[in-house]
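J.: how would this look folded up:
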Amino acid sequence: MTDIITTAASYYLKCYLSPYTSKYEDLTICIRNLSERKHGALIVVERKDPLELLIRSNIPIGGTLSHSLIESIFFPGNPLHDGAVLIRSETVVSAANVLPLSDINVSDRKLGTRHRAAIGLTEQCDALVLVVSEETGQASFAISGALHPINVVAP
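T.: Residues are numbered from 1 along each chain as shown. As a prediction, the model looks like this:
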């Protein structure tokens, strides 16, 4: 049953992303590579709602979205790897961003700061946030205040 849920979530992820970036494949490759290496990541994809008032911006990037760029930002030890990356269309706008944390009750399962930040931002806007767990390598996405595991295995 879990495989069906993660496969369905992977399908919906593509549906949620494709209207907002043509670089969906780069994001998929990036998430798969980060997951395999257990490099934690937090990637915000802006959709219709502007995010300037919700995200505390840090380091401007302004580069074209590619899996290599995102993977290098989240390489352990990189000064930018602890915050979130903001993507608008095909551009990596900024890195090391701070997101609002969710106040959800986490007593039933342990959620790290990245996951709480992903949920927290999506409780307040329509952004989609991709998360890779540093401990397990599990990839997920948050939308509308809910977290969904995704299958990132190569086809």
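
J.: Spatially central residue in this structure, please.
T.: The chain has Leu130 as the residue nearest its centroid, 1.9 Å off, counting by C-alpha atoms, centre = their mean.

J.: List the neighbouring strands of whichever strand or helix holds that one plus their orientation.
T.: Assigned by DSSP states H and E, Leu130 falls within strand 128-132. In the sheet, strand 128-132 lines up against strand 41-45 (antiparallel), strand 139-143 (antiparallel) (DSSP bridges).

J.: got a markdown table for those, with distance to Leu111, mean neighbour count and mean pLDDT too?
T.: Yep, even glycine has a C-beta here, placed from its N, CA and C like the rest. Formatted as a markdown table, the strands paired with strand 128-132 follow (distance: least, C-beta to C-beta, whole Å; neighbours: other C-beta atoms under 10 Å; pLDDT from 0 to 100):
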| stretch | distance to Leu111 | mean neighbour count | mean pLDDT |
| --- | --- | --- | --- |
| strand 41-45 | 13 | 24 | 96 |
| strand 139-143 | 10 | 24 | 93 |
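
J.: For Lys110, which of these is the nearest?
T.: Lys110 lies closest, by C-beta to C-beta, to one member of these: strand 139-143, at 13.6 Å.

J.: Tell me the predicted confidence for the residue lying closest to Lys48 once chain neighbours are set aside.
T.: Nearest residue to Lys48 in three dimensions, chain neighbours excluded: Asp126, at 5.5 Å (C-beta to C-beta, 6 or more residues apart in numbering). pLDDT, Asp126: 95.

J.: and Asp49, that one's in a strand?
T.: No. Per DSSP: H, G, I helix; E, B strand; the rest coil, Asp49 lies outside any strand segment and is coil.
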